[in-house]
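Asks: build me a model:
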Amino acid sequence: MFFILSKTLSFLLSPLLWVVLILFLSILAKHKKKLLITALFLLFFFSNSFIFSIIKSTIDTEAIKYENLKKQYEYGIVLGGFSSFDKDFNRLNFHKASDRLWQAILLYKKHKINKFLISGGSGKLFNNKYKEADFVKSYLISIGIPQIDILIENKSKNTFENAINSAKILKPQKDHKYLLITSSIHTLRAKKCFEKAGLKVDVFPTNYISYKNLNFNDYLIPNSAVLFSWNELIHEISGLAIYKISGKI
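Replies: Numbers count the residues shown, from 1 in each chain. Prediction:
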């Protein structure tokens, strides 16, 4: 039930949905001008790179230099949600958050992590028989990572389950150190979930974008990509609130 409610809430809070709804209402309403101005304002607000970056920075975790990782971690815990399986071509398709995997591979090559734990089942409401961790494991083996260095957790549907199920598999040991590898926007909620599950972790944020690197166009010119990035940000903000209220963090 929690999983379904989470998916529904993410859909209902989509900025694009609200812009479209207001534009539709403007067709039916008598006072079209006010609704059109509201829709245009929302469209500018939610497509502005600078505004998005400032708000995103409130829950973001800044990137970490490789050399600043002084410890050697027994496991790099890579959270799923960065790929999907294409059954027609029998291969993985990588998405926006796939930097999680690329950074984990590099950390492994740099001997910062000794082994992988890939945590991710299916995040779909329907047609959820494809488990992400299974296919990511096959991919890692295909590029030369020894199978003995790969653990998987393929039952979780959300971050809370990622933490609970990973803790069950790893059975935290005092002499083992764990590095949680996930998107910078997701590290705050993820770390809290893992701590709640009894697994002490350090975090390595990925696909981090700093608002300090914006150029002049980002302050004035709307960016359609930013409009869709709000879905992820709103999902995280609402997720933090819901997890806090429900006692998951």
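Asks: what's the closest non-adjacent residue to Leu240?
Replies: Leaving aside its chain neighbours, Leu240 sits nearest to Arg189 (5.3 Å; criterion: C-beta to C-beta, 6 or more residues apart in numbering). Backbone N, C-alpha and C define where each C-beta goes, glycine included.
Asks: element containing the one you found, please.
Replies: According to DSSP states H and E, Arg189 maps onto helix 187-196.
Asks: mind listing what's buried along that helix?
Replies: Buried residues in helix 187-196, counted by 16 or more other C-beta atoms under 10 Å: Thr187, Leu188, Arg189, Ala190, Lys191, Lys192, Cys193, Phe194, Lys196.
Asks: got it, and stretch 242-249?
Replies: So for stretch 242-249, counting by 16+ other C-beta under 10 Å, buried means Ile242, Tyr243, Lys248, Ile249.
Asks: what of stretch 32-43?
Replies: Neighbour-count burial for stretch 32-43 [16+ other C-beta under 10 Å]: Leu35, Thr38, Ala39, Leu42, Leu43.
Asks: all helices for this protein, in order.
Replies: Applying DSSP state H to the chain gives helices spanning 2-12, 15-28, 32-45, 49-56, 99-109, 132-142, 159-170, 187-196, 217-220, 224-245.
Asks: how long is stretch 94-101 end to end?
Replies: Using C-alpha to C-alpha, to the nearest Å, the end-to-end distance of stretch 94-101 comes to 10 Å.
Asks: quick one: residues in contact with it.
Replies: Contact with stretch 94-101 is made by Val78, Leu79, Gly81, Phe82, Ser83, Ser84, Val136, Ile181, Thr182, Ser183, Thr206, Asn207, as judged by C-beta atoms under 8 Å, 6 or more residues apart in numbering.
Asks: contacting residues for Asn165?
Replies: Ser119, Glu153, Lys155, Ser156.
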